[in-house]
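>>> next comes the sequence, and after it the predicted model I'd like to discuss.
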Amino acid sequence: FFLVVMEVSEALTGSTGSVLVADPNEASDEQVKPLDPKMIDKVQKTAENLAKDLDDLMSSVSNSLHSICAFSSGNMSIYKEASDEIGASVSTGVAGMYEFIKKVKQLNETLNGVDIIHDEM
């Protein structure tokens, strides 16, 4: 942006100096100079290039944001699937432990008769 301003300033003054503005109270036909058509073309081309560069930048930012959103969405779905699988695994493990405890209690009840047979021997 600064380069564009400097180019326009140089085109208006013909050098890198500052633009002189006439006092409106002292305006006369001698002080008012017509604008150079080449300078107007240069300003227009510079503005068009700047607009194109801005459009390219905004397109790039938009594409980057879409990529980031897709990446984040993918990560969230993977996290959800992993959480669901862990929940299912924990539920299966707890059910297995209850089944194991039930079998141990049955075995303990079955082996109660062994103590009686042991005492008889």
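Cool, the structure landed.
>>> do a quick rundown of the helices in this protein.
With DSSP state H, the ranges of helices along the chain come out as 2-13, 37-120.
>>> so which of those is the most packed in?
Mean neighbour count, computed with mean count of other CB atoms under 10 Å, is highest for helix 2-13 among those, reaching a mean of 13. The C-beta positions use only the backbone N, C-alpha and C, and glycine is treated the same way.
>>> quick check: Gly49 vs Pro37, distance?
Wrong residue type there; residue 49 is Asn, not Gly. Taking CB to CB, to the nearest Å as the measure, Asn49 falls 19 Å from Pro37.
>>> mean pLDDT for the helices of the chain - can I get that in CSV?
Putting the helices of the chain into CSV (pLDDT from 0 to 100) gives the following:
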stretch, mean pLDDT
helix 2-13, 52
helix 37-120, 90
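>>> now do stretch 102-121: distance to the chain's middle.
With CA atoms, centre = their mean, to the nearest Å as the basis, the distance from the averaged C-alpha position of stretch 102-121 to the chain average is 67 Å.
>>> check stretch 99-118 too.
That offset, for stretch 99-118, works out to 62 Å (CA atoms, centre = their mean).
>>> give me the residues contacting that stretch.
By CB atoms under 8 Å, 6 or more residues apart in numbering, the list of residues contacting stretch 99-118 from outside is empty.
>>> separation between Glu48 and Val90?
63 Å.
>>> do the same with Ala70
Counting by CB to CB, the gap from Ala70 to Val90 is 31 Å.
>>> go on, Met58?
Going from Met58 to Val90 by CB to CB gives 48 Å.
>>> cool, and Ile101?
Taking CB to CB as the criterion, Ile101 is separated from Val90 by 17 Å.
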